[in-house]
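Asker: Please work out how this folds:
(2 chains)
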Amino acid sequence: MKLRYFAWVRERVGKPEEDIEVPAGIATVAELMAWLPSRGEEYAHAFANPKVIRAAIDRTHVKAQAPIQGASEIAFFPPMTGG
Amino acid sequence: MTAFSTVRLQREPFDAAAEAKKLTGGRTDIGALVTFTGICRGDEAGAPIAALTLEHYPGMAEAEIERHVVEALARWPLLGVTVIHRYGRMVPGEDIVVVVTTSSHRAAAFAAAEFLMDYLKTRAPFWKQVEKAGEKTWVEAKATDDAAAGRWAAPPSRHAAE
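Answerer: Presented below is the predicted three-dimensional model:
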């Protein structure tokens, strides 16, 4: 599964994207955000407050409860500030 | 009634007046043209800024804007829509985004342009970073922008907008 990070989430994780093996049993975006900090300090820093982080699965906005099964790309980013 | 729509993301500057002209040129059915241009301001939270850098999610940003253009075309009797959003670094005074809408009458053109801008601010995957006093900081999302987008949640009747 490809993970992509944007804005300060990208800066804290230290990379724009990566391919990872998600352990069996992690079913939702929220569970993925809760598991990522176990990968290292940079993830713990990036995902310290998961409530403020938004997610997209395959380039569509999703809520934290969204299932991740079948996803090929999951992105994490702060609330958007375009326009 | 044929409506024309264009969505473009680009690093280079655009010419808002020329984009408006492209939607109206050679037509006599358009009675209303609304052009909104978002410009890089020289201050953020009361302090002068040197520049603004817009990061975006390629692929998703286009798709998200196109979804909202399709929704605008379904909600209002529009004759044309153009949305151009820049990314990369820009300095105060430069244009960031332009939304152009055309219709037979003004209500639809005004409403659709506002709808598109409100959604661009809160749903299109762009993030602004400001360079201020030698430091780079990410702009925080505003609750007022969420509130502005929220008011479009209930679709208006099509006739009310005409």
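
Asker: residue contacts, residue 44?
Answerer: Just so you know, I chose chain A. residue A:37 (Cβ atoms under 8 Å, 6 or more residues apart in numbering or on different chains). All C-beta spots, glycine's among them, are computed from the backbone N, C-alpha and C.

Asker: Switch to chain B, please.
Answerer: B:130, B:132, B:139.

Asker: Going by neighbour count, which residues in the helix of greatest length in chain B are buried?
Answerer: Assignment by DSSP state H gives helix B:106-123 as the longest helix of chain B. Buried residues in helix B:106-123, counted by 16 or more other Cβ atoms under 10 Å in any protein chain shown: B:107-123.

Asker: Tell me which helix or strand comes right after that helix.
Answerer: Next in sequence after helix B:106-123, counting helices and strands by DSSP states H and E, comes strand B:126-132.

Asker: partners of that next one in the sheet?
Answerer: strand B:51-56 (antiparallel), strand B:135-138 (antiparallel) (DSSP bridges).

Asker: Can you tell me which of those strands is most buried?
Answerer: Mean neighbours per residue, mean count of other Cβ atoms under 10 Å in any protein chain shown, is largest over the strands paired with strand B:126-132 for strand B:51-56, with a mean of 20.

Asker: Check the offset of it from the chain's centre.
Answerer: 15 Å (Cα atoms, centre = their mean, to the nearest Å).

Asker: Kindly report the same for stretch B:108-115.
Answerer: 11 Å.

Asker: same check, this time on stretch B:111-120
Answerer: Centroid separation for stretch B:111-120 versus its chain: 7 Å, with Cα atoms, centre = their mean.

Asker: Export the strands paired with strand B:126-132 to JSON lines and append columns for distance to residue B:37 and mean pLDDT.
Answerer: Below are the strands paired with strand B:126-132 laid out as JSON lines (distance: least, Cβ to Cβ, whole Å; pLDDT from 0 to 100):
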{"stretch": "strand B:51-56", "distance to residue B:37": "15", "mean pLDDT": "97"}
{"stretch": "strand B:135-138", "distance to residue B:37": "23", "mean pLDDT": "94"}
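
Asker: before we move on, back to that, what is the longest helix of chain B packed up against?
Answerer: strand B:32-39, helix B:60-75, strand B:78-86, strand B:95-103, helix B:143-150 (3 or more Cβ pairs under 8 Å, 6 or more residues apart in numbering or on different chains; DSSP states H and E).

Asker: so where do the helices sit in chain A?
Answerer: Counting by DSSP H, the helices of chain A are A:7-13, A:29-35, A:41-46.

Asker: on that earlier part again, between the helices and strands packed on helix B:106-123, which gets nearest to chain A?
Answerer: With Cβ to the nearest Cβ as the measure, helix B:60-75 is the member of the helices and strands packed on helix B:106-123 nearest chain A (3.8 Å).

Asker: Nothing else from me, thank you.
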